[in-house]
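Colleague: Here's a sequence, model it:
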Amino acid sequence: MNHAENIQPGTKPHGKHKYGPEYMSHELKVTGRVERPLCLNVADLRKMASLEIGALPIICGSGTEKGTIKSYRGVLLRDILEQASVIITEHHAPNRLYLKLTSNDGYMALFSWQEINNTVVGEKAIVVFEREGRPLDENEGEFAFVSANDYRPGPRRMRYLGHIEVCEVV
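Modeller: The predicted structure is shown next:
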């Protein structure tokens, strides 16, 4: 169930829990400027090439360290985008493309297409399905997201990932 369509950014649906089963993401949709919109489940991601990231310190926007995750396993965001086949109509189109990642609790993160495909950020921007060798639980959803090469990965770390939209600035 995706609650994100009716939520203002920065607010939680229902005002009940910070984390919980009501935000669980059982499918991941990839839409927007793509030739093949996707609706993926965890089994689909497990069939793709995966990457394990170890010892990731979670540093928030203020620079405060909130803890360390021993390991995450997931699929590179750019591999998922390649499967969806992003529509690029002309040479400069990638400069106008951006990715909006939305969680089922209303949290959002943004990336430019160039950032994911032409910088080190893209080398460790992953859609997560495992934490420390176990499937994600109701505190993170079946899908999460982490940008491990960010200097401060906390602000774009996402629980309950439900939607990746490829957008174009016009």
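
Colleague: Check which helices and strands the longest strand belonging to the chain is in contact with.
Modeller: Taking DSSP state E as the assignment, the strand of the chain that covers the most residues is strand 65-76. The criterion is 3 or more CB pairs under 8 Å, 6 or more residues apart in numbering; DSSP states H and E, and the helices and strands that strand 65-76 contacts are strand 51-59, strand 125-131, strand 144-147. Using the backbone N, CA and C atoms, a C-beta is placed for each residue, glycine as well.

Colleague: C-terminal to the shortest one, what's the next element?
Modeller: Just to be clear, that refers to strand 144-147. Next helix or strand after strand 144-147 toward the C-terminus (DSSP states H and E): strand 161-168.

Colleague: Buried residues, stretch 123-130. List them.
Modeller: For stretch 123-130, the neighbour count (16 or more other CB atoms under 10 Å) marks 124-130 as buried.

Colleague: Can you pull out the low-pLDDT segments for the chain?
Modeller: When residues are selected by pLDDT under 70, those of the chain lie in 1-17.

Colleague: can you rerun that using 80?
Modeller: Within the chain, the ranges that satisfy pLDDT under 80 run 1-18, 57, 59, 68, 153.

Colleague: Perfect, that will be all.
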